[in-house]
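Student: Got a predicted structure here, sequence first:
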Amino acid sequence: QVQLVESGGGLVQAGGSLRLSCAASGRIFSINTMAWYRQTPGNERELVAGIATSGYTNYADSVRGRFTISRDIVQNTVYLQMNSLKPEDTAVYSCNAGVVLSTLPAKYLEVWGQGTLVTVSS
């Protein structure tokens, strides 16, 4: 019904940059918050960055100043610009969105993307 498709992951050397994209498609009325999470084997998924419809953003302390989240509300797309990458940023990055399917009746759905692997070599 609603899909999130991520792209932009890959292998990069420490100090390099990558830009992740996540596009939402389907029967969408609107999208509230969009966010990026990441997970490494044996660890819980952690919030990397989030952005509200208002443009308000929040970041994990570990990425603040290096990563920038942005979104195109018309295109239902969220981006994560990652600069000064470190080996500890290596993880599977997943996109998350709070999707409003309709207002009458009110229907809301939390959707996850399939994830994209980011590998930072030292």
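Tutor: Sure, I can see it.

Student: center of this protein, which residue is that?
Tutor: residue 36 (2.6 Å; C-alpha atoms, centre = their mean).

Student: and residue 13, backbone torsions?
Tutor: Dihedral angles of residue 13 (phi, psi; degrees, to the nearest 10) stand at phi -80, psi 160.

Student: List the contacts of it.
Tutor: Under the criterion of C-beta atoms under 8 Å, 6 or more residues apart in numbering, the neighbours of residue 13 are 120, 121. In short, each C-beta sits where N, CA and C put it, glycine included.

Student: Please tell me how far the residue nearest to the centre of the chain sits from residue 108.
Tutor: For residue 36, the distance to residue 108 equals 20 Å [C-beta to C-beta, to the nearest Å].

Student: got it, and residue 55?
Tutor: With the distance defined as C-beta to C-beta, residue 55 ends up 21 Å from residue 108.

Student: higher neighbour count, those two?
Tutor: Set side by side, residue 55 and residue 108 show unequal neighbour counts under other C-beta atoms under 10 Å, the larger going to residue 108 at 12 against 9.

Student: Kindly state the beta-bridge partners for the more buried one.
Tutor: residue 100 (DSSP bridges).

Student: That one contacts residue 101, correct?
Tutor: Yes - here residue 108 lies in contact with residue 101, judged by C-beta atoms under 8 Å, at a distance of 6.9 Å.

Student: Kind regards, and thank you for your time.
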